[in-house]
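In: Sequence and predicted structure, then a few things I'm wondering about:
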Number of protein chains: 4
Amino acid sequence: MSYFRIEYFSNALCRQTSFDVLIPNDRGIDSSGFYPTDTMHTLFLLHGYTGKAGNWVPEDVVQKYRIAIVMPNAENSFYLNGLSSGHAYQTMVGEELVDYVRKTFHLARCREDTFIAGMSMGGFGALHTGLAYPETFGKIAALSSALIVHDIAHMKPSDNPVVANYDYYRECFGDLETVESRETNPEVQIQLLKARGGIIPDIFMCCGTEDFLLESNRSMHEFLLKEQIEHTYYENSGNHDMAFWSEYIVKAVEWMFGKA
Amino acid sequence: MSYFRIEYFSNALCRQTSFDVLIPNDRGIDSSGFYPTDTMHTLFLLHGYTGKAGNWVPEDVVQKYRIAIVMPNAENSFYLNGLSSGHAYQTMVGEELVDYVRKTFHLARCREDTFIAGMSMGGFGALHTGLAYPETFGKIAALSSALIVHDIAHMKPSDNPVVANYDYYRECFGDLETVESRETNPEVQIQLLKARGGIIPDIFMCCGTEDFLLESNRSMHEFLLKEQIEHTYYENSGNHDMAFWSEYIVKAVEWMFGKA
Amino acid sequence: MSYFRIEYFSNALCRQTSFDVLIPNDRGIDSSGFYPTDTMHTLFLLHGYTGKAGNWVPEDVVQKYRIAIVMPNAENSFYLNGLSSGHAYQTMVGEELVDYVRKTFHLARCREDTFIAGMSMGGFGALHTGLAYPETFGKIAALSSALIVHDIAHMKPSDNPVVANYDYYRECFGDLETVESRETNPEVQIQLLKARGGIIPDIFMCCGTEDFLLESNRSMHEFLLKEQIEHTYYENSGNHDMAFWSEYIVKAVEWMFGKA
Amino acid sequence: MSYFRIEYFSNALCRQTSFDVLIPNDRGIDSSGFYPTDTMHTLFLLHGYTGKAGNWVPEDVVQKYRIAIVMPNAENSFYLNGLSSGHAYQTMVGEELVDYVRKTFHLARCREDTFIAGMSMGGFGALHTGLAYPETFGKIAALSSALIVHDIAHMKPSDNPVVANYDYYRECFGDLETVESRETNPEVQIQLLKARGGIIPDIFMCCGTEDFLLESNRSMHEFLLKEQIEHTYYENSGNHDMAFWSEYIVKAVEWMFGKA
């Protein structure tokens, strides 16, 4: 497998940044050539809060399913277009990097071969980005997703949340009075897509029963049932940790690509 | 010269990030050992807006003066502690990384061997960070500094600045009504240091006469004269570009460390 | 944990090269400072044939035992000083990098805090390098070691070995007629150390019962018994693969550092 | 400009290694998309003895001519297929990496858009690799080339050359008795290509008049004249150093791609 660390100028972030790509184009000691990227499916894989590209690399599924993995660096942005200039992380992942890998590697050509997955903040990002660009991403796998929109709604500047402050959430999500009724809320994204008869990516969700995010994942699951959006939902013993994600990324990829 | 790319968990940024270090501890083909870091001076070198660690590496001066260079990644933060959680770039450079390199490399032990320099946004950062931690940094070199505090003061949400929007400046600098009267303004930093009899780092400033930032650099120079702060100021033919910085980083380092 | 990728000029290899270091000096989200390196033990960790620094990073044991790991890049050299200039891999690991990390990080100060481990070709390297520098390395852990000296002895230029050719083995090991009777043979290293009353590092060996290298590991174990060299030897179900090494690096580190 | 560091498994070297690629596919702050690689010419750029990929990156010409640059890591191999297994550097550059970038980036599709250049040992490499694969590389630029074949011919094991020992040269070049009469000698490559009516890449050579390699470059120039091989040859004040190469890589690229 080839591991690419790519430094480039991001127009969305208005600065130099980097992303990582893992491509199973080499075949090791027994072979003499390299696979073209053209025949590979592409999975955008989104890191969690505090994380970065490359700190969660499921090499086994890359090898087994011969898929390419694109790993953006989104800092603690929730993969949203924040209020500030140069904080356009949604655009960076869903437009800029898609365009980049199409033009540079000939990967991720169409929604049938371009999927998105993530865990925790990246689970939110996978859902939100996938629903923001349903013509780009055919399938979404959201693991232990940080579906926090209802938790941060109506937060006041004087509040003292545990994880991050009011200004942080406002910068990422915009006005916190309206955060539930705008497209920052995946439920609203779904309703708007339904209303305009838009295509909706296939959705896979899962959450551990010991996860502090269990209720919000259940709630999203129930919303999808109510809206009659077909989806796959797993709830099983597990916590908000790598043990759970290592197990469920395998299930997610199997769901995406079929049994290898 | 050894080039280090270091990935670590930043408490100030609340996430994994990286920084680069350049240490002239190897002596090439003729020698058999490595110099200890303990005897080296350390220069914190701050990149500009849109830049990143390692896109401006003055290898010649590192080699010539046998100094270590620490290059933080500060995105487009102006090296300030912004409003949001995890946006504590001033703390990251002036406390966290200083502590890191002291404990890990035994570099940057005291203000006599720890200097700070930068260009453009990094010139502002060098001035502001140096003045925020005068016990840490003995000398400051600010090249073509983006001294924009007076330009962004009283900006309104409805304004449409060219480079970045209102939310961006507010996130970085805080309340824009009071930005000139708080310690986000290097002039205020100077006045407060004077008022409490604090030590003030030695200051080197320069700007090209074709630079769009010339007026604000002149204005800072005049402020320092008025406040009777000894400093070195160069104004010379040149633009806001690498040609000017390549020439003046040599002068700055010579000013810092004496003729090699 | 901090991950360092360090590019430097190697005098032993007569060229620029790189090595990786993993240091558990940061404490994550709850803490505000960085641990000094001075209090850490250091483990030199050697990759296998076809591998490189960083393709086997036992982060769990680094975190649990709070040890630093130094990962050299030794290409397919068997960690020996080969015949050619610039092929001094033994010197690079056992002298140059030890000196480097002592002077730069203040790690690996004495044999009591400096250990060496590896798997496959790196298992050979751990044994050979540890025995070549018994004053530097206090403990050796050799997993599934490629103890091939007896297999390649008396090889002829016309032979066609499966893995690599005659010239390769000769370049790495020197004259193949005498390879068993020189210090390229860990048995000879042991005998010479015994003869001159030299200190011998503590030795841990292990091998899977399905491993194609089982016989040569057993043979070394028997040699050590015969020579009355105290050592720890594990043989257990397992193959020449990452599953075995992931399990046994934990046992090796526990053997080195005691129960965490 | 995008900078790629790519780790992959090299079949030619029988191990994991890396190479760097520089692609001017991003357009900076004023633009919103990325250029496809398909329209770019590709220059393979070979480092010198003791060097590595990325220690000589002519960013200006990349930007100006909008070409991609592929930078292999060839250690101190002289870009030849050495005697040992896994020492197939000629194959690595001229076949493996060409195949890799064709299949992965859609760069370097044909000899009309695929050129090769280098300095010192890399100058030799550019000449030798270009002549070994004249159907792959349309143009060769060899700066201050280490044309040492005649110097090392008939070397004996007991000789003590200054730069490297007998075993090193034999490993890289093979039998030193016959090194001048085999295809390790660029002159022989030329003669064989002429004899079989093969196409010969366009050749650019240059050398500084203070360079210790001047005589061997002159000698190659005279050989090309005698063989009536059209080529461009510059001799000018200069030494074997970066000052000369920085100047002449511009001339070489201009010769390759025309005035920008």
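Out: In hand now; what should we look at? The structure displayed is predicted, hence computed values, not measured ones.

In: What does the pLDDT read for residue A:241?
Out: We have a pLDDT of 96 for residue A:241.

In: how many other residues sit next to it?
Out: Residue neighbour count, defined by other C-beta atoms under 10 Å in any protein chain shown, stands at 14 for residue A:241. To be clear about C-beta, it is placed using only N, CA and C from the backbone, and glycine gets the same treatment.

In: From the chain's centroid, how far away is the one helix or strand in chain A whose mean pLDDT sits lowest?
Out: Taking mean pLDDT, DSSP states H and E as the measure, the helix or strand of chain A with the lowest value is helix A:59-65, at a mean of 88. Computed by C-alpha atoms, centre = their mean, to the nearest Å, the separation of helix A:59-65 from the middle of its chain amounts to 18 Å.

In: Same check on stretch A:217-234?
Out: Computed by C-alpha atoms, centre = their mean, the separation of stretch A:217-234 from the middle of its chain amounts to 17 Å.

In: now swap in stretch A:103-110 and tell me
Out: Taking C-alpha atoms, centre = their mean, one finds stretch A:103-110 lying 18 Å from the centre of the chain it belongs to.

In: before we move on, what about stretch A:148-159?
Out: Taking C-alpha atoms, centre = their mean, one finds stretch A:148-159 lying 23 Å from the centre of the chain it belongs to.

In: how far does that stretch stretch from start to finish?
Out: Counting by C-alpha to C-alpha, to the nearest Å, you get 16 Å between the two ends of stretch A:148-159.

In: and that stretch, which residues are buried?
Out: For stretch A:148-159, burial by neighbour count (16 or more other C-beta atoms under 10 Å in any protein chain shown) applies to A:148, A:149, A:151, A:152, A:153, A:155.

In: contact partners of that stretch?
Out: Applying C-beta atoms under 8 Å, 6 or more residues apart in numbering or on different chains, the set of residues contacting stretch A:148-159 from outside is A:124, A:161, A:166-167, A:169-170, A:173, A:176-177, A:179-180, A:184-187, A:216, A:219.

In: can you tell me the average pLDDT over that stretch?
Out: What stretch A:148-159 shows for mean pLDDT is 96.

In: tell me which element the residue sitting nearest the centre point of chain A is part of?
Out: Using C-alpha atoms, centre = their mean, the residue of chain A that lies closest to the mean C-alpha position is residue A:126, 2.4 Å off. Counting by DSSP states H and E, the element that carries residue A:126 is helix A:121-132.

In: Give me the residues contacting that helix.
Out: For helix A:121-132, the external contacting residues (C-beta under 8 Å, 6+ apart) are A:44-49, A:51, A:74, A:76, A:78-80, A:90, A:93-94, A:116-118, A:137, A:139-148, A:183-184, A:186, A:189-190, A:193, A:200-201, A:203, A:205, A:220.

In: rerun that using 7 Å as the cut-off
Out: Contact partners of helix A:121-132, identified using C-beta atoms under 7 Å, 6 or more residues apart in numbering or on different chains, comprise A:46-49, A:74, A:78-80, A:90, A:93-94, A:116-118, A:137, A:140-147, A:186, A:189-190, A:193, A:201.

In: Now narrow these to whatever sits close to chain C.
Out: Contacts with chain C are made by none of these, judged by C-beta under 7 Å from any C-beta of the partner chain.

In: Spell out the secondary structure type for residue A:75.
Out: The three-state label given to residue A:75 by DSSP: H, G, I helix; E, B strand; the rest coil is coil.

In: what's the closest non-adjacent residue to it?
Out: Nearest non-adjacent residue to residue A:75, counting by C-beta to C-beta, 6 or more residues apart in numbering or on different chains: residue B:15, 6.2 Å away.

In: What are the phi and psi values at that neighbour?
Out: The phi and psi torsions at residue B:15 (degrees, to the nearest 10) take the values phi -170, psi 170.

In: Show me the beta-bridge partners of it.
Out: Beta-bridge pairing of residue B:15 under DSSP bridges involves residue B:10.

In: what do you get for residue A:139?
Out: Applying DSSP bridges to residue A:139 gives these bridge partners: residue A:115, residue A:202.

In: Do I have it right that it meets residue A:256?
Out: Yes. Under the criterion of C-beta atoms under 7 Å, residue A:139 is in contact with residue A:256, at a separation of 5.1 Å.

In: so what sits against both of those two?
Out: Common neighbours of residue A:139 and residue A:256, counting by C-beta under 7 Å, 6+ apart, are residue A:115.

In: Counting neighbours, what do you get for the nearest residue in space to residue A:249 that is not next to it in sequence?
Out: Closest residue to residue A:249 apart from its sequence neighbours, by C-beta to C-beta, 6+ apart: residue A:58 at 4.8 Å. The number of residues packed near residue A:58 is 21, by other C-beta under 10 Å.

In: What residues does residue A:212 make contact with?
Out: residue A:240.

In: how close does it get to residue A:148?
Out: Residue A:212 sits 11 Å away from residue A:148, going by C-beta to C-beta, to the nearest Å.
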